[in-house]
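Trainee: Only the shape, not the letters, is given here:
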């Protein structure tokens, strides 16, 4: 089985909290990611959405686009409007030969609201979940038909956060809707990460290897503290620096035949956790667990 290793720029620049950003250029971010050993980078706010401009920068560092976030609004929106909103990114990702667009539902989400406690996250009724699943399936079918699949990101403080909510989305959507499995977000939400893989491996099209610091997560007052508060406190980190067993996680994905990208996405304070050092640690841990699981890591 083959795997590719990528990283997200959120370790260098946080799009939701400017205070958690390193003052480095896109070129320096890519250089550090390459030095750490990664061959893929998800897009972020400092990426030009034009391969004529971005291509030479990527080539200089031997890095390709391995995905990138799209702030979806389909929960409360219209499919035709979402098609218009995603069009430019979709065309850019096709040109970049990216594997997928990471779809993150931001309608009703409190993930970017510092004052909103985790306990106030949106919750969908049974009827809303059924309607949402139908819309997401139709949107995913359209994106794939345009040449760029999406990968649905279950996310803390969003409508689809918990294991039960992900189960409900899968039950109410079609096979055309792939999932992004994020170990850190699922563990933070109280889910059983290995059970989620076992249940939904057939839908998993992209993987984020985010780790958590269990003591930080368990110490949160979810009635008072927000998702962003948790990030500032250091809830997330890279594989090998946190509490999750990535040998077990990667081994379970391998047992179900997953092949594709494993992307480190770990937002934290770059002054306390220097991005290059953390990227290097995460890459080394992934190489270790990939070897145990029988993956060939390819460039």
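Mentor: The structure has been received and is ready for your questions. The structure displayed is predicted, hence computed values, not measured ones.

Trainee: hang on, residue 205 in a strand?
Mentor: Yes: assigned with DSSP: H, G, I helix; E, B strand; the rest coil, residue 205 falls within a strand.

Trainee: Report the contact partners of it.
Mentor: Listed by C-beta atoms under 8 Å, 6 or more residues apart in numbering, the contact set of residue 205 reads 99, 100, 149, 151, 178, 179, 180, 260. Backbone N, C-alpha and C define where each C-beta goes, glycine included.

Trainee: before we move on, what about residue 160?
Mentor: 105, 152, 154, 166, 169.

Trainee: What's the separation between the residue nearest to the fourth one when sequence neighbours are not counted and residue 105?
Mentor: In this case it means residue 166. Leaving out its chain neighbours, the residue that sits closest to residue 166 by C-beta to C-beta, 6 or more residues apart in numbering is residue 154, at 4.9 Å. From residue 154 over to residue 105 the distance is 9 Å, taken as C-beta to C-beta, to the nearest Å.

Trainee: returning to what we had before: and the residue nearest to residue 166, what is it in contact with?
Mentor: 160, 161, 165, 166, 169, 179, 180, 182, 185, 186, 189.

Trainee: Measure how buried the residue lying closest to residue 15 once chain neighbours are set aside is and give me the count.
Mentor: Leaving aside its sequence neighbours, residue 15 sits nearest to residue 45 (C-beta to C-beta, 6+ apart; 5.3 Å). Per other C-beta atoms under 10 Å, the neighbour tally for residue 45 reads 12.

Trainee: Tell me which residues touch residue 270, please.
Mentor: The contact partners of residue 270, taken as C-beta under 8 Å, 6+ apart, are 11, 12, 20, 21, 22.

Trainee: Tell me if I am right that it is in a helix.
Mentor: No: according to three-state DSSP, residue 270 belongs to no helix; its state is coil.

Trainee: and it, how far is that from residue 32?
Mentor: 11 Å.

Trainee: what sits in contact with each of those two?
Mentor: Going by C-beta under 8 Å, 6+ apart, residues that sit against residue 270 and also against residue 32 are residue 12.

Trainee: which residues of the protein fall in helices?
Mentor: Assigned by DSSP state H, the chain shows helices spanning 26-36, 51-61, 79-96, 126-145, 163-171, 183-188, 193-200, 214-218, 227-233, 246-255, 275-293.

Trainee: Switch those over to TSV; also include mean neighbour count.
Mentor: Converted to TSV, those look like this (neighbours: other C-beta atoms under 10 Å):
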stretch	mean neighbour count
helix 26-36	20
helix 51-61	14
helix 79-96	16
helix 126-145	17
helix 163-171	18
helix 183-188	25
helix 193-200	18
helix 214-218	15
helix 227-233	21
helix 246-255	20
helix 275-293	19
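
Trainee: right, and those helices - which one's nearest residue 110?
Mentor: With C-beta to C-beta as the measure, helix 227-233 is the member of these nearest residue 110 (6.8 Å).

Trainee: what's the distance between that closest one and the middle of its chain?
Mentor: Distance of helix 227-233 from the chain centroid (C-alpha atoms, centre = their mean, to the nearest Å) equals 17 Å.

Trainee: Tell me the helices and strands packed up against that helix.
Mentor: Contacts defined by 3 or more C-beta pairs under 8 Å, 6 or more residues apart in numbering; DSSP states H and E place helix 227-233 against helix 214-218.

Trainee: Residues touching the helix it packs on, excluding its own?
Mentor: For helix 214-218, the external contacting residues (C-beta under 8 Å, 6+ apart) are 187, 188, 230, 233, 234, 235, 242, 243.

Trainee: re the thing from before, pick out the most distant pair among the contacts of residue 160.
Mentor: For the contacts of residue 160, the maximum inter-member distance is 11.9 Å, found between 105 and 166 (C-beta to C-beta).

Trainee: Next one, pLDDT for residue 19 please.
Mentor: Looking at residue 19, its pLDDT stands at 80.

Trainee: what sits against it?
Mentor: Applying C-beta under 8 Å, 6+ apart, the residues near residue 19 are residue 232.

Trainee: roughly how far apart are the most centrally placed residue in the chain and residue 50?
Mentor: By C-alpha atoms, centre = their mean, the chain has its centre lying nearest to residue 208, at 4.9 Å. Remark: distance between residue 208 and residue 50 (C-beta to C-beta) = 26 Å.

Trainee: cool, and residue 242?
Mentor: Noted for residue 242: a distance of 36 Å to residue 50, by C-beta to C-beta.

Trainee: And residue 101, by the same measure?
Mentor: From residue 101 to residue 50 the distance is 17 Å (C-beta to C-beta).
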